[in-house]
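Chemist: Give me a 3D structure for the following:
(2 chains)
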Amino acid sequence: DAGVIQSPRHEVTEMGQEVTLRCKPISGHNSLFWYRQTMMRGLELLIYFNNNVPIDDSGMPEDRFSAKMPNASFSTLKIQPSEPRDSAVYFCASSLARGHEQYFGPGTRLTVT
Amino acid sequence: AQKVTQAQTEISVVEKEDVTLDCVYETRDTTYYLFWYKQPPSGELVFLIRRNSFDEQNEISGRYSWNFQKSTSSFNFTITASQVVDSAVYFCALSRPPGSGNTGKLIFGQGTTLQVKP
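Modeler: Numbers count the residues shown, from 1 in each chain, chains lettered A, B, ... in the order given. The predicted structure follows:
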């Protein structure tokens, strides 16, 4: 079975540009999480969806960040406008249900210059 | 509040040595879940184990073993006869049980970088 799929794997963009990260969760998983990993802050949750509905977005840094999950097999994380401090690795993870183990995608390494 | 502490920032061992990675957690919940993940140099996060707080039985999987002690709020991870391929960052994580507004998000420790030298 395919794991969590993320695209792109690497993204380099200039400050002010819009960035869209994509995620396809494991089929049958109803929970989807977006995490961000930085050296300073480690791994932190940005937003959580359950059955395609955003449940907890308290980790989203600010209004420049938005996330959608239009269906059970696709989610996006958008940053507009991007800033250098957004440079990080963004992971998408899915799980069968809350409390179950989360399976992570390969991550998207974002560099904003 | 929930918190996970991995006091060992970096550990270096020689191949075939045993190594234990420490994890101490804080939570007020009586039910919770503990996890270990591995992040090799390639960057992906690999799930290793999930443990329910009601199950204090230690677990062994090949060269990996986990020691869960509720009395000391610890969930330590031991690699026996370490190999170069074990070199990675290892994360311990905690999640609250689903329900009552709990999202089940993972609260990660800062990670322990393990270097296994040949």
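Chemist: Tell me which strands the helix or strand of chain B with the lowest mean pLDDT pairs with, and in which orientation.
Modeler: Across the helices and strands of chain B, mean pLDDT, DSSP states H and E gives its lowest value to strand B:59-61, namely a mean of 87. Using DSSP bridges, strand B:59-61 pairs in its sheet with strand B:64-69 (antiparallel).
Chemist: Contacts made by the strand it pairs with with the rest, please.
Modeler: Applying Cβ atoms under 8 Å, 6 or more residues apart in numbering or on different chains, the external contacts of strand B:64-69 come out as B:34, B:36, B:48-49, B:51, B:55-60, B:74-80. (Glycine included, C-beta is placed from N, CA and C.)
Chemist: Emit the PyMOL select command for whichever of these are buried.
Modeler: Of the contacts of strand B:64-69, the buried ones go into a single PyMOL selection, burial set by 16 or more other Cβ atoms under 10 Å in any protein chain shown:
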select buried, chain B and resi 34+36+48+49+51+74+75+76+77+78+79
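Chemist: so of the contacts of strand B:64-69, which ones are in strands?
Modeler: Using DSSP state E, B:34, B:36, B:48-49, B:51, B:59-60, B:74-79 are the members of the contacts of strand B:64-69 that sit in strands.
Chemist: Looking at these, spot the one nearest chain A.
Modeler: Lowest distance from chain A to these (Cβ to the nearest Cβ) belongs to B:Ile49, with 8.3 Å.
Chemist: Let me see the contact set for that closest one.
Modeler: Residues in contact with B:Ile49, defined by Cβ under 8 Å, 6+ apart, are B:35-36, B:59, B:61, B:64, B:66.
Chemist: Now with 6 Å, please.
Modeler: Neighbouring residues of B:Ile49 by Cβ atoms under 6 Å, 6 or more residues apart in numbering or on different chains: B:36, B:66.
Chemist: How about A:Asn51?
Modeler: The contact partners of A:Asn51, by Cβ under 6 Å, 6+ apart, come to A:Asn30.
Chemist: which element follows the helix or strand hosting B:Leu94 toward the C-terminus?
Modeler: Counting by DSSP states H and E, the element that carries B:Leu94 is strand B:88-95. Next along the chain after strand B:88-95, taking DSSP H and E as the criterion, comes strand B:107-108.
Chemist: Taking chain A, what residue is nearest to chain B?
Modeler: For chain A, Cβ to the nearest Cβ, closest residue to chain B: A:Arg98, 3.3 Å.
Chemist: Was I right to think that residue contacts B:Pro98?
Modeler: Yes. Counting by Cβ atoms under 6 Å, B:Pro98 is a contact partner of A:Arg98 at 3.4 Å.
Chemist: List the residues that contact the most centrally placed residue in chain A.
Modeler: Centroid-nearest residue in chain A, with Cα atoms, centre = their mean: A:Trp34, separated by 3.4 Å. With contact taken as Cβ under 6 Å, 6+ apart, A:Trp34 is in contact with A:46-47, A:67, A:77, A:92.
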